[in-house]
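Student: coords below, sequence missing:
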């Protein structure tokens, strides 16, 4: 049901956008008497009103039922925008050009670009993952639309360009607009009268504003397309500054650089738990459960646990990363947590790291022996590669297992075997 509702919204919004693109392209052309689109285009334009019927029905029902807008707006502002969208959609449906006998009156229908803008804003806000790409795409869309309008305006003021062949005249006009917007200005098509001079000044001002927007925003948008790389480069700069001040050994520098390269390769770009901690308690639990539940279910010890117990454990797990050669804990230390291997390889060592007793890999867990027996660690654990682990604190371990003694008994049996 939810998928059907979502597909209906996509269908409705797509029709509205397509209908308005047709109108926005055709209306400026209707002012140029010698540049009339082919019959097929005029037919499509005539029936473009049908594209807005689903949107009209949706907005009418929304106003009638006083349905709230979206999560990003207050109820009052949402209702006001809905009413404005309903009005502009009604204007877009009415074929003013046909009713009044002149296609120029269809310019009134362009007010519905307001609804298109709201649809784009809604899509951008909901598509968090692709926000920056959508912003680039929308910038190109609006720039292309305004360029078309300006090209039609220049052709209207300079009809001699389209005397021989209409399409050649439009292309020459589009060429002039693009070179003027780009501040190139070859001067091969100069303005000939005051109206053309004023229009050229308007296009130049619009081009300067566009160029300023590009300089101020596009570079920033592109940098946000890959936050993981941005995070990596920022940390590399911090590492360079730190090295220049503290003169770290080459081996230690290499390990730090390797850690950040590993983080970049995983495309994390940030400490996910640090971000989760900023969320309200309810969202924090849902996100934590989503991030960890699939990992917990891969651990053989927990693969047959009921969902509510998996949830308790998932919320108590803390994500940690260890680099190759780093000790997770050493033999004889006091036990305060147990670990679950999500990804990586580790070595179980004895006699101060002289003997390798076993190797651990994805899905294994360790550290439970000392927790169950309440004794010091009986072995050392060293990372043989970059390792993604989940850490379960002793207090959480005891709280969860006190509610489920059958799991505790299972762990005790395995602990006896390992000890």
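Tutor: Received the coordinates, thanks. A quick note: this is a predicted structure, and the numbers were derived from the prediction, not measured.
Student: so which residues of the stretch 1-150 of the chain form helices?
Tutor: 2-30, 39-46, 53-64, 75-93, 96-100, 113-126, 131-157 (DSSP state H, counting those that start in this stretch).
Student: hmm, who's touching the shortest one?
Tutor: Pointing back at helix 96-100 there. 30, 46, 103-106, 108-109 (Cβ atoms under 8 Å, 6 or more residues apart in numbering). Heads up, the C-betas are built off the backbone N, CA and C, glycines and all.
Student: would you turn the residues you listed into JSON lines with distance to residue 92 and pLDDT?
Tutor: Formatted as JSON lines, the contacts of helix 96-100 follow (distance: Cβ to Cβ, whole Å; pLDDT from 0 to 100):
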{"residue": "30", "distance to residue 92": "15", "pLDDT": "78"}
{"residue": "46", "distance to residue 92": "14", "pLDDT": "69"}
{"residue": "103", "distance to residue 92": "15", "pLDDT": "73"}
{"residue": "104", "distance to residue 92": "16", "pLDDT": "75"}
{"residue": "105", "distance to residue 92": "13", "pLDDT": "81"}
{"residue": "106", "distance to residue 92": "10", "pLDDT": "82"}
{"residue": "108", "distance to residue 92": "9", "pLDDT": "90"}
{"residue": "109", "distance to residue 92": "5", "pLDDT": "90"}
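Student: what about the residue lying closest to residue 86 once chain neighbours are set aside, neighbour count?
Tutor: Excluding its sequence neighbours, the residue lying closest to residue 86 (Cβ to Cβ, 6 or more residues apart in numbering) is residue 59, at 4.3 Å. Here the count is done by other Cβ atoms under 10 Å, and residue 59 has 23 residues near it.
Student: which of the helices of the stretch 1-150 of the chain has the lowest mean pLDDT?
Tutor: For the helices of the stretch 1-150 of the chain, mean pLDDT drops lowest on helix 39-46, to a mean of 64.
Student: doesn't residue 390 fall inside a strand?
Tutor: Yes - Residue 390: assigned to a strand according to DSSP: H, G, I helix; E, B strand; the rest coil.
Student: so it touches residue 320, yeah?
Tutor: Yes - when contacts are counted by Cβ atoms under 8 Å, residue 390 is listed as touching residue 320 (7.4 Å).
Student: can you list residues touching both of those two?
Tutor: Common neighbours of residue 390 and residue 320 (Cβ under 8 Å, 6+ apart) are residue 339.
Student: follow-up on the earlier one: looking at the contacts of helix 96-100, which is nearest residue 147?
Tutor: The shortest gap between residue 147 and any of those belongs to residue 30, at 17.9 Å (Cβ to Cβ).
Student: just give the closest residue to that closest one, not the sequence neighbours.
Tutor: Going by Cβ to Cβ, 6+ apart, residue 30 has residue 103 as its nearest residue, at 3.5 Å.
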